[in-house]
Structure formats: structure tokens, C-alpha cells
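from the sequence below, what's the structure:
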Amino acid sequence: MSAAVVPPVGAHIRQARLERGMSLRALAREVGVSASLVSQIETGKSQPSVSTLYAITTVLGISVESLFDARASSPVAGVDSPGTVLPALAAFAADPGRRIGPLVRAGERETLELDSGVVWERLGRVPGADVDFLLVTYRPGGSSSGSGGLMRHTGTEYGYLTSGELILTLGFDEYTVRPGDAVSFESTTPHRYRNDGEVPAVGVWFVSGDVQ
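Residues are numbered from 1 along each chain as shown. Okay, the predicted model is just below:
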């Protein structure tokens, strides 16, 4: 069975922005990216990097985990939904077999493709828990920030690398993370991951309290 691919996150981001009465340009200004990039993300023409995704969710006051949620939000009056995003989300919600635990089999994980060669697969979800429980893959050359900048967000981050190799920049320090190594730190510390190797770097990540 193939993994369940999550539709582009733009529908959720756009809905949250409009519900807060925030213009596209205002969101772009708060995040520190161009309005055209935000527009491309919202319409599904582009996927955000890890750092941009965290910045957007922080500004909008939503959790990263909510972007995986199968529930489809009702379209905002007068706003066309992009492509088949919302119908696809509605189909997810209508499928009674789409459970997120207590057991999530390998072929049933929801997958979110991000920019810069990063893939998130959700390993489970407990309703009401403010936690991202993810299998994370950094493809060769992949990075959490396409611009090379460091990211920061609320929460506490734990990671365990199972294969490949990652370079973690944490504040002014840099660490080489190898299979069997684990990391943990406050996510408000500026940080970045990158894969300089020739094979994918794969690990399990647990981020708690990503939105206050």
C-alpha cells in the first residue's frame, strides 16, 4: 500500500490567513518572504521550506500538525479554492479507515513534501496533544532552509537519526549527526539542518508545543 500523500498545505494556510483578516502581503511581511512566494504556496504551485512553514504557522497561530489534518475547512465566501485541494481533503475526512493510531502501518503514513528536498511522514497523532511526531527525510543536498538561513520556532525538539548524515547548525555551533546520534534543544534557538552527503538522511523527530 502506498503512503497517503497530504494535499498541498496552501489550502489550510490560506484559510487560516483569511479567517484572521490578514492580507497576503501582510503575512509575507511578517514571515520575511515575498508576497509572490506566499501566493504560490497558497495556490499549491510551490511548497514551503521547513523554516518558512514554521514561520507561517507561528504568525498565523496554528500548529504544524494541523496542516496534516484530514478535515476540510469550509471555503471562505467569495474565495475560489485552489484546484482539487479542498475536495481531496474532504475525501480524506470521508474515509473511515484513515486512523492516526494507535497503530500506523508503514504504508499508511501521511506524507508531506516540502521544499529543498525534505519529506515529513506523520507517525501518529493523539487528539488534543500539541506534538509533531514525524519520520523526516533529508534528500542529498536537502536543507531545512532553502535560503541557508537559520530558523526558530516555539517548542522543544528531539531527533534521532537512523541513517545517513545531517549537519545541525545550532546557534553558533555546528554538529555532525550520524546514525544512532540524538539531538534535543529548545526550538527557539536558531537552527538549521542540511544533508551534504550522497544518501538520504532519515530520522524520527518529535517536536512538542510548536505553537504557544
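
domains of the protein?
As assigned by the TED database, the chain contains the domains 9-68, 111-208.

what's the end-to-end length of the longest one?
According to C-alpha to C-alpha, to the nearest Å, domain 111-208 extends 19 Å from its N-terminal end residue to its C-terminal end residue.

residue 160 is in contact with residue 184, correct?
No - applying C-beta atoms under 8 Å as the test, residue 184 and residue 160 come out as separate, 9.6 Å apart. Glycine gets a C-beta too; all of them are placed from N, C-alpha and C.

the two: which has the busier surroundings?
residue 160 (15 against 10; other C-beta atoms under 10 Å).

list the contacts for the more buried one?
Contacts for residue 160 were tallied using C-beta atoms under 8 Å, 6 or more residues apart in numbering; they are 181, 182, 203, 204, 205.

put the buried members of these into a ChimeraX selection.
Filtering the contacts of residue 160 down to the buried ones (16 or more other C-beta atoms under 10 Å) takes a single ChimeraX command:
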select :181,203,204,205
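
can you list the contacts of residue 160 in TSV and add distance to residue 110 and pLDDT?
TSV is the format used below for the contacts of residue 160 (distance: C-beta to C-beta, whole Å; pLDDT from 0 to 100):
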residue	distance to residue 110	pLDDT
181	26	98
182	24	98
203	18	98
204	15	97
205	15	95
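
may I see the contacts of residue 160 organised as CSV, with secondary structure added?
Formatted as CSV, those follow (DSSP: H, G, I helix; E, B strand; the rest coil):
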residue, secondary structure
181, coil
182, strand
203, strand
204, strand
205, strand
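
of the contacts of residue 160, closest to residue 141?
Comparing the contacts of residue 160 against residue 141 with C-beta to C-beta picks out residue 203 as the nearest, at 16.9 Å.

which residues are in contact with that closest one?
Per C-beta under 8 Å, 6+ apart, neighbours of residue 203: 135, 136, 159, 160, 161, 162, 163, 166, 177.

and it, how close does it get to residue 38?
29 Å (C-beta to C-beta, to the nearest Å).

show me where this protein has strands.
4-5, 110-114, 118-122, 131-138, 156-163, 166-170, 173-177, 182-186, 191-194, 201-208 (DSSP state E).
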